[in-house]
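[1] I need the structure of the sequence given here:
(chains A and B)
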Amino acid sequence: MNEPLTQPLNFIKRIINDDRAVNKNDGRVVTRFPPEPNGYLHIGHAKSICLNFGLAVEYGGRCHLRFDDTNPSKEETEYIDSIMADVRWLGFDWGTHLYYASDYFEQLYDFAVRLIQAGKAYVCSLSAEEIRASRGTLTEPGQESPYRNRPLAENLDLFARMRAGEFPDGAHVLRAKIDMASGNLNMRDPVSYRIMHTAHHRTGDAWCIYPMYDFAHCLSDSIEGITHSICTLEFEDHRPLYDWILGELAVACHPQQIEFARLNLTYTVMSKRKLLQLVNNGHVRGWDDPRMPTISGLRRRGYTPEAIRDFCERIGVAKKDSMVDMALLEHCLREDLNRRAPRAMAVLRPLKMVIENYPADLVEEMEAVNNPENPAAGTRNVPFSRVLYIEQDDFMEEPPKKFYRLAPGREVRLRYGYLVTCVGVVRDEETGEVREVRCTYDPATRGGTTPDGRKVKATIHWVSAPHALEAEVRLYDALFSVENPGAAKDVDFQELLNPDSLTMLTGCRLEPALAEAVPGSFYQFERLGYFCVDAGDSRPGQPVFNRTVTLRDTWAKLQQKGPQE
RNA sequence: UGGGGCGUCGUCAAGCGGUAAGACACGGGUCUUUGGAUCCCGGAUUCGGAGGUUCGAAUCCUCCCGCCCCAGCCA
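    Predicted coordinates for the structure are as follows:
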């Protein structure tokens, strides 16, 4: 019996279902995630990871992790480690199926020799510039290389000597012999091997010739028995070449390449090149800066793998170029964190409150709910005393309409505390600024209850001043101030950075239990947002918090819409 | 002017000839010891445009328009 499908099928699942219906590949599904180890993974890669590993899980197949390490000049071991850590953190497992294209260099070389023997490849001794010049243009065909009809034996000899290291970089390349007049530039005798006297991070100097992507990728897929080779749209033009190579070599396994649209997110950039620039130019503090769309950045920011996977599920898979609203990612995060994050009280911008009729030497332990969404999370005690800190934003001397929080003469609830009424303020003698608010409390309202049933418009959070933990809190906002920084044609994207993407706050006052918060753990600071303990800069007993995402704040929203009367 | 793709609500995205799902965002309301969460309700008379086929078209055909990718010895 088939279970009713909750999600409509995307076009890739449709293809797979059709394949299985005719028992293609004996009904197996084998996918692969093939990163090049030349940078850190980002949320766009997460989409691909969720897709490939997700299909394997769903169809009872497997997904390989394969490093596409065919260009030693830009690849590093550091990236391999981070990529594996990120894929695991996202919750996926490649089991024993960890591969490297470089593991196939010998086989790939043999395939190249076979192609030469079949008269389908030749050693071309034109320079890179000459090859470019003879490639033609988008509308004009290219010119055939004078080396195109080199005798077979000479090709074999030259190719062997290329491998043997007899020639300097650039002296020769191996080219597939296809069609210099093809409308598809990838088919105009593409380069398959180049000479590169560069040590490889895994094979050392065993090789001085390295295969190009088009040659290595399809054959690596074939060697691994991949059934569905899923990649992004820009490789659509390469599919004829993918199929040509596998066809000419008549390999037993000929995977099907399927292309989908890569992820674009508003207010950020997604190209490794641009992300690298942000890192190198010091616009962020590294690949794992909490403002980066990298997996490591999102992790440090406090995103959960669950939220990212949910997001990848919701955005769907299609072929249309698209730009997904960052608000959706944040929504997925809030939904996950709302369910799981323990609540705590924290005052980011402290304003002192003195409760005039509360005994100076009294400290009460007030019971607070850890997570109203999850009764099993229990309760905790929070100390309450005569002097507290409240949020500056929660008090206004002359409250505008629709501001329901504390103001002179007004009564509000201190969450889990008491109802208090503002009876005055103390000003700075110099500046006239409000230094503290003076209140009286109603002893009958302990815990924030109202035995007489009276209503107050607002409930605000607070922290007992003598018990507070002082801490640093970092507030993050969008990295860029425009929706699509990558689209700007005449402005460098780095000029579009949001100057307020990071706000460092010191002297924040947190409820004392937070001193024990462990790095990486997350909390909801009531009424403010979700925060996590920074995994890099926190010290025992002295956590640094990152704001992961704000809570919806309708007052803040009203303010943005325009000044209120 | 070459080749390859794509165009359904502000943003994603179902729909596959039988009369436009859903999500986010947005607006309104309910509720509330987080102005959070929850819960309701509202929205495309129409599917890039124009023709055509059909009893019937977002779905089929024709033409047109727009957007994206390709001229690395990068992936």
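
[2] Which helix or which strand is home to the closest residue to A:R66 other than its chain neighbours?
    Nearest residue to A:R66, sequence neighbours excluded (C-beta to C-beta, 6 or more residues apart in numbering): A:Y99, at 4.2 Å. In this view, the C-beta of every residue, glycine as well, is placed from N, C-alpha and C. Secondary-structure assignment from DSSP states H and E places A:Y99 in strand A:98-100.

[3] for that strand, what is the average pLDDT?
    Strand A:98-100 carries an average pLDDT of 98.

[4] Could you pull out the buried residues of the next helix or strand after it?
    Remark: after strand A:98-100, the chain's next helix or strand is helix A:105-117, criterion DSSP H and E. Within helix A:105-117, the residues scored as buried using 16 or more other C-beta atoms under 10 Å are A:F105, A:L108, A:Y109, A:F111, A:A112, A:V113, A:L115, A:I116.

[5] Turn those residues into CSV, including pLDDT and distance to A:V173.
    Formatted as CSV, the buried residues of helix A:105-117 follow (pLDDT from 0 to 100; distance: C-beta to C-beta, whole Å):
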residue, pLDDT, distance to A:V173
A:F105, 98, 16
A:L108, 98, 15
A:Y109, 98, 14
A:F111, 98, 16
A:A112, 98, 11
A:V113, 98, 15
A:L115, 98, 13
A:I116, 98, 13
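
[6] tell me how far the helix or strand of chain A with the lowest mean pLDDT is from the chain's mean position?
    Least confident helix or strand of chain A, by mean pLDDT, DSSP states H and E, is helix A:554-561 with a mean of 80. Centroid separation for helix A:554-561 versus its chain: 29 Å, with C-alpha atoms, centre = their mean, to the nearest Å.

[7] contacting residues around it?
    The contact list for helix A:554-561 (C-beta atoms under 8 Å, 6 or more residues apart in numbering) reads A:K402, A:F403, A:Y404, A:R405, A:Q564.

[8] Contact partners for the residue nearest to A:N498 when sequence neighbours are not counted?
    Leaving aside its sequence neighbours, A:N498 sits nearest to A:S481 (C-beta to C-beta, 6+ apart; 4.2 Å). Residues near A:S481 by C-beta under 8 Å, 6+ apart: A:Y267, A:L496, A:L497, A:N498, A:P499.

[9] got a pLDDT number for the residue of the stretch 101-250 of chain A found nearest RNA strand B?
    Residue of the stretch 101-250 of chain A nearest RNA strand B, by C-beta to the nearest atom of the strand: A:G183 (2.6 Å). pLDDT for A:G183: 96.

[10] what's the neighbour count on it?
    A:G183 has 10 neighbouring residues, counting by other C-beta atoms under 10 Å.

[11] And it, how far from A:D214?
    17 Å (C-beta to C-beta, to the nearest Å).

[12] Quick check: A:R239 vs A:T440, distance?
    76 Å.

[13] Contact distance from RNA strand B - what residues of the stretch 251-400 of chain A qualify?
    Taking C-beta under 7 Å from any atom of the strand as the contact definition, the stretch 251-400 of chain A meets RNA strand B at A:261, A:314-325, A:327-328, A:330-331, A:334-335, A:338, A:343, A:371-373.

[14] Narrow the residues you listed to those that are buried.
    Buried subset of those (neighbour count, 16+ other C-beta under 10 Å): A:A261, A:I315, A:G316, A:V317, A:V324, A:E330, A:H331, A:R334, A:R343, A:N371.

[15] Could you point out which of those residues is nearest to A:E526?
    Closest approach between these and A:E526, by C-beta to C-beta: A:R343, at 5.4 Å.

[16] wait, that closest one sits on A:N370?
    Yes. Between A:R343 and A:N370 there is a contact at 6.1 Å, judged by C-beta atoms under 8 Å.

[17] still on that earlier bit, turn the contacts of A:S481 into a markdown table, including secondary structure and neighbour count.
    Formatted as a markdown table, the contacts of A:S481 follow (DSSP: H, G, I helix; E, B strand; the rest coil; neighbours: other C-beta atoms under 10 Å):
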| residue | secondary structure | neighbour count |
| --- | --- | --- |
| A:Y267 | coil | 20 |
| A:L496 | helix | 19 |
| A:L497 | strand | 18 |
| A:N498 | coil | 16 |
| A:P499 | coil | 7 |
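
[18] A:V123: how many residues sit nearby?
    A:V123 has 24 nearby residues by other C-beta under 10 Å.

[19] three-state assignment of it?
    Each residue gets one of three states, and A:V123 gets strand by DSSP: H, G, I helix; E, B strand; the rest coil.

[20] quick one: pLDDT of the residue nearest to it when sequence neighbours are not counted?
    Closest residue in space to A:V123, ignoring its immediate chain neighbours: A:L158 at 4.1 Å, by C-beta to C-beta, 6+ apart. At A:L158, the predicted lDDT confidence score is 98.

[21] Next one: A:L158 from A:Y147, what distance?
    9 Å.

[22] any common contacting residues for these two?
    A:V123.

[23] between the two, who's got more neighbours?
    More crowded of A:L158 and A:Y147, by other C-beta under 10 Å: A:L158, with 22 against 17.

[24] Verify the stated contact: that one with A:C124.
    No. Taking contacts as C-beta under 8 Å, A:L158 lies outside contact range of A:C124: 9.7 Å.

[25] which residues do these two both contact?
    With C-beta under 8 Å, 6+ apart as the test, A:L158 and A:C124 both reach A:H172.

[26] ok so, going back, ok, now which ones touch the residue nearest to A:V123?
    A:L158 makes contact with A:V123, A:R150, A:H172, according to C-beta under 8 Å, 6+ apart.

[27] Can you name the residues that contact the second one?
    Think A:R150. By C-beta under 8 Å, 6+ apart, the residues touching A:R150 are A:Y122, A:V123, A:L158.

[28] Take those and lay them out in a markdown table including distance to RNA strand B.
    Compiled in a markdown table, these are given as follows (distance: C-beta to the nearest atom of the strand, whole Å):
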| residue | distance to RNA strand B |
| --- | --- |
| A:Y122 | 13 |
| A:V123 | 11 |
| A:L158 | 13 |
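
[29] for the stretch 1-150 of chain A, which spans come out with low pLDDT?
    Within the stretch 1-150 of chain A, the segments meeting pLDDT under 70 span A:1-7.

[30] RNA strand B contacts on that one?
    Contact residues, the stretch 1-150 of chain A versus RNA strand B (C-beta under 7 Å from any atom of the strand): A:8-11, A:14, A:34, A:36, A:68, A:70-71, A:74, A:126-128, A:131-132, A:135, A:137-139.

[31] which among these end up buried?
    A:N10, A:P34, A:E36, A:D68, A:T70, A:N71, A:L126, A:I131, A:R135.

[32] Widest-spaced pair of those?
    A:N10 and A:L126 (43.7 Å).

[33] hang on, A:D428 packs against A:K352?
    No. Counting by C-beta under 8 Å, A:D428 does not reach A:K352; the two are 11.8 Å apart.

[34] Show me the common contact partners of those two, please.
    A:R435.

[35] of these two, who's got more company?
    A direct count of neighbours by other C-beta under 10 Å for A:D428 and A:K352 places A:K352 higher, at 16 against 10.

[36] Now do the SS call for A:V251.
    Look at A:V251: counting by three-state DSSP, its state is coil.

[37] ok, it - contacts?
    Shown in contact with A:V251 (C-beta under 8 Å, 6+ apart): A:L219, A:S222.

[38] What are the phi and psi values at it?
    Per-residue torsions, A:V251: phi -70, psi 160 (degrees, to the nearest 10).

[39] Starting from A:M323, give me the distance back to it.
    Per C-beta to C-beta, A:V251 is found 38 Å from A:M323.

[40] Likewise for A:F395?
    40 Å.

[41] coming back round to it: which pair in the buried ones among the residues of the stretch 251-400 of chain A next to RNA strand B has the greatest spatial separation?
    Taking C-beta to C-beta, the two most distant members of those are A:A261 and A:R343; they sit 39.0 Å apart.
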